[in-house]
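Peer 1: build me a model:
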Amino acid sequence: MDNLTKNLAQHLNSLRKRQNLTILQLVDGIGSHRQYLRYLSGESVLPYDKLKLFCERLSMTLDAFFFSLRSLEDKEYPIISKLHELTANSEFESVVKFCKKHELTELNNPQNKKFYEYAYFRAQYKTDRLNLYSVLEKFQDLIDYPNCLNKTIFDYVDISVLSSITEIEIKQGRSDALEKLNEILLNKDLLFSSNELKHILPAVYANVALFLGRLKRYEESLIIADKGLAFSKLHNDMSSLGHLLYLKAYNSLVTDKEHDALISAARCLAFCMATDNKHQIEIFYKTLKKDFGFDIFEVFFKYKAELLYL
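Peer 2: Numbers count the residues shown, from 1 in each chain. As a prediction, the model looks like this:
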């Protein structure tokens, strides 16, 4: 039994599950289902070239794979993992309580410490413990903003903080962080690929598309919404799909792409119903009816064949 292969394969399998991929989807064109199970049991050695191909299928580099493996073995992992979960679910009160229980001094990894501070500052702002100007200053210090805009590569914490700065700057009538995020999303070479990055990007696409739309830059907003939809589908991430479909519908409508607008509107409602998200159903149904001037459910019958891919 090869214990190294077993450890690598089991970590690979955990990453596969996190992305909601089946074994057959992961091994397609790379190896067989049976061989993959032999890697998991340690009966066969997992070759380096195969591991690289599996990582590419998961849209991550080998460096990111081994970094996540080291993090998993590290005592810091449970703290950071929980913070990711609470932040992603917008449970800001819980983030504040969690950070009071687990202090920054418990962390040694610079990346983990930076994310911890970001999550804590954002939670304090969202729970009215920090005002807009104070949290903006903390975000700026955290990533050396605006000097960081000249960087040639951005990691997931950079992107998270830039997204929060964008939200604040828009309220102040500025868009420097938004312009940089738009540039980054249009040029993936500026992104440092990691498993964490894939989980935050759908929401970033949605936010950038939203803010571009508010600035009446509808064509640019539509491009980002389309890219966000493609990214979400590629990585089986449904977290921002409803918002992205709505943004595509609205931006298509105001740029005279009526057909695309109607199809996206119908798919937005269909997605919300399929996920049984009552809150989103109510919001998007009312908003789309106001935007279009009629009940979007009428579209389901008119474009039934196209919606069902018949």
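Peer 1: how about the helices of the stretch 51-200 of the chain, start to end?
Peer 2: 62-73, 77-88, 92-101, 110-126, 132-143, 156-171, 176-186, 195-214 (DSSP state H, counting those that start in this stretch).
Peer 1: report the buried residues of the worst-scoring helix or strand of the chain on mean pLDDT.
Peer 2: Here the helix or strand of the chain ranked lowest by mean pLDDT, DSSP states H and E is helix 62-73, holding a mean of 76. By 16 or more other Cβ atoms under 10 Å, the buried positions in helix 62-73 come out as A64, F65, F67, S68, L69, S71. C-beta coordinates here come from the backbone N, C-alpha and C atoms, glycine included.
Peer 1: could you do stretch 100-115 as well?
Peer 2: H102, L107, N109, Q111, N112, K113, K114, F115.
Peer 1: domain ranges for the protein, per the record?
Peer 2: Domain segmentation of the chain under automatic domain parsing yields 3-58, 240-310.
Peer 1: please enumerate the strands of the stretch 201-310 of the chain.
Peer 2: With DSSP state E, counting those that start in this stretch as the criterion, the stretch 201-310 of the chain has no strands.
Peer 1: how close does the residue nearest to R267 when sequence neighbours are not counted sit to S134?
Peer 2: Among residues not flanking R267 along the chain, L245 sits closest, at 5.3 Å (Cβ to Cβ, 6 or more residues apart in numbering). As judged by Cβ to Cβ, to the nearest Å, L245 and S134 stand 36 Å apart.
Peer 1: more neighbours: the two, which one.
Peer 2: L245 (26 against 13; other Cβ atoms under 10 Å).
Peer 1: list the contacts for the more buried one?
Peer 2: Shown in contact with L245 (Cβ atoms under 8 Å, 6 or more residues apart in numbering): L229, S264, A265, R267, C268, F271.
Peer 1: ok, now with 7 Å
Peer 2: L245 makes contact with S264, R267, C268, F271 under the criterion Cβ atoms under 7 Å, 6 or more residues apart in numbering.
Peer 1: near the first one, how many other residues are there?
Peer 2: Translated: S264. S264: 26 neighbours (other Cβ under 10 Å).
Peer 1: what sits against it?
Peer 2: S264 is in contact with L245, K248, A249, S252, counting by Cβ under 7 Å, 6+ apart.
Peer 1: same list (those) but as JSON lines, adding distance to I168 and pLDDT.
Peer 2: Output for the contacts of S264, formatted as JSON lines (distance: Cβ to Cβ, whole Å; pLDDT from 0 to 100):
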{"residue": "L245", "distance to I168": "26", "pLDDT": "98"}
{"residue": "K248", "distance to I168": "26", "pLDDT": "98"}
{"residue": "A249", "distance to I168": "27", "pLDDT": "98"}
{"residue": "S252", "distance to I168": "29", "pLDDT": "98"}
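Peer 1: now, which of the residues you listed lie within helices?
Peer 2: L245, K248, A249, S252 (DSSP state H).
Peer 1: and those, which are buried?
Peer 2: Neighbour counting by 16+ other Cβ under 10 Å classes L245, K248, A249, S252 among these as buried.
Peer 1: closest to F154 among those?
Peer 2: K248 (25.0 Å; Cβ to Cβ).
Peer 1: count the neighbours of L24 for me.
Peer 2: Using other Cβ under 10 Å as the criterion, L24 is surrounded by 10 other residues.
Peer 1: just the element for it, please.
Peer 2: Element membership of L24 [criterion: DSSP states H and E] is helix 23-27.
Peer 1: what's that helix in contact with?
Peer 2: Counting by Cβ under 7 Å, 6+ apart, R16, H33, Y36, F54, R57 sit against helix 23-27.
Peer 1: again with stretch 188-206
Peer 2: With Cβ under 7 Å, 6+ apart as the test, stretch 188-206 has contacts from 15, 59-61, 64, 68, 84, 88, 152-156, 159-160, 163, 181, 184-185, 224, 227-228, 231-232, 235, 237, 239-240, 243-244, 247.
Peer 1: now with 6 Å?
Peer 2: Outside stretch 188-206, the residues within contact range by Cβ atoms under 6 Å, 6 or more residues apart in numbering are 60-61, 64, 68, 153-156, 159-160, 163, 184, 224, 228, 232, 235, 237, 239-240, 243-244.
Peer 1: so T166 versus N277, what's the distance?
Peer 2: In this structure, T166 and N277 are 25 Å apart, going by Cβ to Cβ.
Peer 1: more neighbours: those two, which one.
Peer 2: It is T166, of T166 and N277, that has more neighbours when counted by other Cβ under 10 Å, with 24 against 14.
Peer 1: once you drop chain neighbours, what's closest to that one?
Peer 2: Among residues not flanking T166 along the chain, A177 sits closest, at 4.2 Å (Cβ to Cβ, 6+ apart).
Peer 1: that's all I had, so thanks and see you.
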